[in-house]
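> Predicted model follows, preceded by the sequence.
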Amino acid sequence: MGIYEELQARGLIAQVTDENEIRELINKGGAKFYIGFDPTADSLHVGHFMALCLMKRLLMAGNRPIVLVGGGTGYIGDPNGRSDMRYMMTPETIEHNCACFKKQMERFIEFGEDKAIMVNNADWLLKLNYIDFMREVGPHFSVNNMLRAECYKQRMERGLSFLEFNYMLMQAYDFYHLHEAYGCNMQFGGDDQWSNMLAGTELIRKKKGDDAYAMTITLLLNSEGKKMGKSQKGAVWLDPEKTTPFEFYQYWRNVDDADVMKCLKMLTFLPLETIEDMAHWDDSRINEKKQILAYELTALVHGKEKADEVLETAKKLFSGAGDDANMPTTALEPSQLVDGQIGLLDLLVLTNLCASKSEARRLVVQGGVTVNDEKVVDPNAKYGADTIKAGLKLKKGKKVFHKVTF
């Protein structure tokens with residue numbers, strides 16, 4: 001089985017421009033491809049993780065990745081998937097976020113001679129002369145065709161700024177520049193990037209007469225059709241300071257039963273034969289599958305040693321042994337106490353276990369909260385400074401743990 005066939009079997013391929021050519025190119029290790037990452041935050045998240053895994057798989061098959069960090073396109077912001085215009089980041093924020101991305105990516109991808117290359121499109125986009133760019137690139141784009149692109153259509157009713165309208169041209173120019181400077185012949189990206197990617201292949205063809213290809217990755221959706229990678233606290237980040245390894249593990253440990261096999265195929269590097277064998281396991285082993293999924297992904301993102309620690313912590317917590325060394329923790333300030341106490345509902349909101357006090361109240365009354373291994377059904381329960389200083393352990397439902405201290 002070639003790498004293309006493996007990607008198909010794992011359900012990772014959504015759309016391709018030229019299937020036969022792409023299959024032959026990547027199966028023979030002849031692809032010099034790029035994937036772009038716009039620095040919209042100071043950490044990568046689960047949405048980026050699939051792209052990084054794809055890059056790693058193709059690198060292992062002998063292809064050459066180019067990691068493009070969008071220090072230039074970050075000045076504009078991709079309108080795709082947005083109902084309104086993105087927040088305009090300062091140059092300092094963009095530069096900081098790019099540096100954070102680079103540091104995190106080096107944990108996943110091997111850079112160096114005959115390995116991956118990292119580039120920043122600020123190096124060429126910020127130097128462009130507007131008139132020269134419009135004369136060089138503008139004639140190759142039809143406004144009528146651009147407006148038919150899904151990424152623009154969904155914004156037309158609420159308003160699409162001219163700034164964002166230029167994003168497609170910027171991304172197409174990236175592909176053209178990388179083709180010229182590095183011999184890049186393919187672009188990979190999320191399925192929501194299809195229109196932008198086609199624009200790049202067309203620009204290369206019209207300006208150079210060369211073939212260039214595009215392939216999109218299946219979006220990671222749950223069984224309800226919603227994007228995965230969101231927790232109670234928001235995005236599931238790859239930065240351990242933003243999403244702890246324990247929280248990361250628990251996110252995957254708690255995915256819906258219907259999504260487990262799909263995640264194992266699309267995200268882990270377990271052999272397909274192993275995964276197919278797991279598909280025939282008895283339903284009673286669903287928690288075992290989830291544990292394997294959570295462990296494999298935690299090891300990929302945070303390393304095997306940290307994954308072992310988190311697994312041991314989880315096992316002890318669920319068995320009642322109470323090892324909370326790696327448990328997510330919220331540190332309170334003494335000023336947050338009133339008359340030396342703080343209410344349980346406040347704690348549930350402060351720790352992001354509940355979005356509001358009304359939600360917290362319902363959870364407590366329904367018996368869904370345990371404090372220091374004892375179920376609490378009184379929504380008016382309060383806890384003093386000494387209890388919190390010793391470490392107060394909250395448990396939401398059967399699987400979500402959180403520690404509160406000063």
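Yep, it's here. It should be emphasised that the depicted structure is a prediction, and the values quoted were computed from it without experimental measurement. Numbers count the residues shown, from 1 in each chain.
> Tell me the helix or strand right after the worst-scoring helix or strand of the chain on mean pLDDT.
Ranked by mean pLDDT, DSSP states H and E, the helix or strand of the chain with the weakest confidence is helix 150-153, at a mean of 65. Sequence-wise, the next helix or strand downstream of helix 150-153 (DSSP states H and E) is helix 162-165.
> how many neighbours does residue 257 have?
Residues lying near residue 257 (other C-beta atoms under 10 Å) number 12. Backbone N, C-alpha and C define where each C-beta goes, glycine included.
> in the stretch 251-400 of the chain, which spans are helices?
Under the criterion DSSP state H, counting those that start in this stretch, the stretch 251-400 of the chain contains helices at 260-267, 272-279, 286-302, 304-319, 344-350, 357-365, 385-390.
> In terms of secondary structure, what does the fifth one contact?
Of the remaining helices and strands, those touching helix 344-350 by 3 or more C-beta pairs under 8 Å, 6 or more residues apart in numbering; DSSP states H and E are helix 357-365, strand 369-371, strand 382-384, strand 392-396.
> among the ones you listed, which is nearest residue 106?
strand 392-396 (35.2 Å; C-beta to C-beta).
> So what are the sheet partners of the closest one and their directions?
With DSSP bridges as the test, strand 392-396 is paired with strand 369-371 (antiparallel), strand 400-405 (antiparallel).
> Measure how that strand sits relative to helix 304-319, angle-wise.
Relative orientation of strand 392-396 and helix 304-319, computed by axes from the mean of the first three to the mean of the last three C-alpha atoms, to 10 degrees: 80 degrees.
> Restrict strand 392-396 to CA atoms and write it as PDB.
C-alpha atoms of strand 392-396 as PDB (Å, rounded to 0.1, in the frame of the first residue of the first chain):
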ATOM      1  CA  LEU A 392     -10.000  20.900  47.000                       C
ATOM      2  CA  LYS A 393     -10.800  18.300  44.400                       C
ATOM      3  CA  LEU A 394     -13.800  18.800  42.200                       C
ATOM      4  CA  LYS A 395     -15.300  16.100  40.100                       C
ATOM      5  CA  LYS A 396     -17.900  16.700  37.400                       C
END
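> could you check the angle helix 357-365 makes with it?
90 degrees.
> Check the residue of the chain positioned farthest from its centre and give its pLDDT.
Note on the chain: the largest C-alpha distance from the chain mean falls to residue 339, namely 42.3 Å (C-alpha atoms, centre = their mean). On pLDDT, residue 339 comes in at 80.
> and stretch 383-396, which residues are buried?
Using 16 or more other C-beta atoms under 10 Å as the test for burial, stretch 383-396 gives 383, 388, 392, 393, 394, 395, 396.
> For that stretch, the averaged confidence score.
80.
> Can you get me the start-to-end distance on it?
17 Å (C-alpha to C-alpha, to the nearest Å).
> if we can go back for a sec, okay if I get the helices of the stretch 251-400 of the chain as TSV plus distance to residue 331?
Shown next, in TSV, are the helices of the stretch 251-400 of the chain (distance: least, C-beta to C-beta, whole Å):
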stretch	distance to residue 331
helix 260-267	32
helix 272-279	39
helix 286-302	21
helix 304-319	18
helix 344-350	10
helix 357-365	20
helix 385-390	10
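> Comparing the ones you listed by mean pLDDT, which bottoms out?
Of all the helices of the stretch 251-400 of the chain, mean pLDDT reaches its minimum on helix 385-390 (a mean of 78).
> Dump it to PDB, keeping only the CA atoms.
Extracted C-alpha coordinates of helix 385-390, given in PDB (Å, rounded to 0.1, in the frame of the first residue of the first chain):
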ATOM      1  CA  ALA A 385      -9.500  29.000  53.200                       C
ATOM      2  CA  ASP A 386      -8.100  26.100  55.000                       C
ATOM      3  CA  THR A 387      -9.900  23.500  52.900                       C
ATOM      4  CA  ILE A 388      -8.800  25.200  49.700                       C
ATOM      5  CA  LYS A 389      -5.200  25.600  50.900                       C
ATOM      6  CA  ALA A 390      -5.100  21.800  51.400                       C
END
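> on that earlier part again, kindly indicate which of the buried residues of stretch 383-396 lies nearest residue 265.
Closest approach between the buried residues of stretch 383-396 and residue 265, by C-beta to C-beta: residue 396, at 29.6 Å.
> what's the helix or strand for the closest residue to residue 193 other than its chain neighbours?
Distances taken as C-beta to C-beta, 6 or more residues apart in numbering put residue 216 closest to residue 193, at 6.4 Å, once the chain neighbours are dropped. Using DSSP H and E, the element containing residue 216 is strand 213-217.
> That strand - which strands sit beside it in the sheet, and in what orientation?
strand 13-16 (antiparallel), strand 186-190 (parallel).
> Buried residues, the helix or strand that comes right after the last one. List them.
Heading C-terminal from strand 186-190, the first helix or strand you meet, by DSSP H and E, is helix 194-208. By neighbour count with 16+ other C-beta under 10 Å, helix 194-208 contains the buried residues 194, 195, 196, 197, 198, 199, 200, 201, 202, 203, 204.
> Tell me, how many residues neighbour the spatially closest residue to residue 66 that is not a sequence neighbour?
Of all residues not flanking residue 66 in the chain, residue 34 sits nearest, at 3.9 Å (C-beta to C-beta, 6+ apart). Counted by other C-beta under 10 Å, the residues lying close to residue 34 total 24.
> isn't there a strand covering residue 34?
Yes. Counting by DSSP: H, G, I helix; E, B strand; the rest coil, residue 34 is part of a strand.
> so what's it up against?
65, 66, 67, 68, 174, 175, 178, 184, 186, 187, 188 (C-beta atoms under 8 Å, 6 or more residues apart in numbering).
> Repeat that for residue 51.
Going by C-beta under 8 Å, 6+ apart, residue 51 touches 35, 37, 188, 189, 190, 217.
> Give me the buried positions along the one helix or strand it maps to.
Residue 51 is part of helix 46-60, with elements assigned from DSSP H and E. For helix 46-60, the neighbour count (16+ other C-beta under 10 Å) marks 46-59 as buried.
> Give the next helix or strand downstream of that helix.
Note on helix 46-60: by DSSP H and E, the next helix or strand toward the C-terminus is strand 64-69.
> returning to what we had before: which one of the buried residues of helix 194-208 is nearest to residue 23?
Closest approach between these and residue 23, by C-beta to C-beta: residue 201, at 16.7 Å.
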